[in-house]
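>>> Below is the sequence, then the predicted model.
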Amino acid sequence: MDLEGFEWRKSSYSAPNGGECVEVGAVPASAWRKASRSDEIGDNCVEVADAVGGAALRDSKDPDGGVLALSRDGFEAVLEAVRAR
């Protein structure tokens, strides 16, 4: 997955002097969109963000929660499973 365009921040566990730094990347807020198959009421919403080589999924009710990053093939497998329901 291409990480260009991700928003990066220094981890709170990094050393204050700049050494031993860990940066954490996040999909930019502007990249997320509600999946077309989410319901109109808003209680079954999945948001999708495009990424070169893959996609990211999250629950719109918990945008700060976990994100599922998938390769293009993995995303296609998820779509096939949803369509088969």
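Cool, the structure landed. Numbering: from 1, shown residues only.
>>> Residues touching stretch 59-69, excluding its own?
1, 27, 32, 34, 38, 42-43, 45-47, 51, 54-58 (C-beta atoms under 8 Å, 6 or more residues apart in numbering). All C-beta atoms are positioned from the backbone trio N, CA, C, and that covers glycine.
>>> State the pair within the residues you listed that is farthest apart.
1 and 43 (29.2 Å; C-beta to C-beta).
>>> okay, these two: which has more neighbours?
Legend: neighbour count by other C-beta atoms under 10 Å for residue 1 and residue 43, higher for residue 1 (14 against 9).
>>> Let me know the pLDDT of the more buried one.
With respect to pLDDT, residue 1 has a value of 51.
>>> returning to what we had before: and the contacts of stretch 59-69, which of them are in helices?
Among the contacts of stretch 59-69, no residue falls in helices (DSSP state H).
>>> Please spell out the PyMOL selection for the buried subset of those residues.
A single PyMOL command selects the buried members of those (16 or more other C-beta atoms under 10 Å):
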select buried, resi 27+32+45+46+47+51+54+55+56+57+58
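>>> Closest one of the contacts of stretch 59-69 to residue 72?
Nearest to residue 72 among the contacts of stretch 59-69, counting by C-beta to C-beta, is residue 54 at 5.4 Å.
>>> Residue 70 belongs to a helix?
No. Counting by DSSP: H, G, I helix; E, B strand; the rest coil, residue 70 falls outside a helix, being strand.
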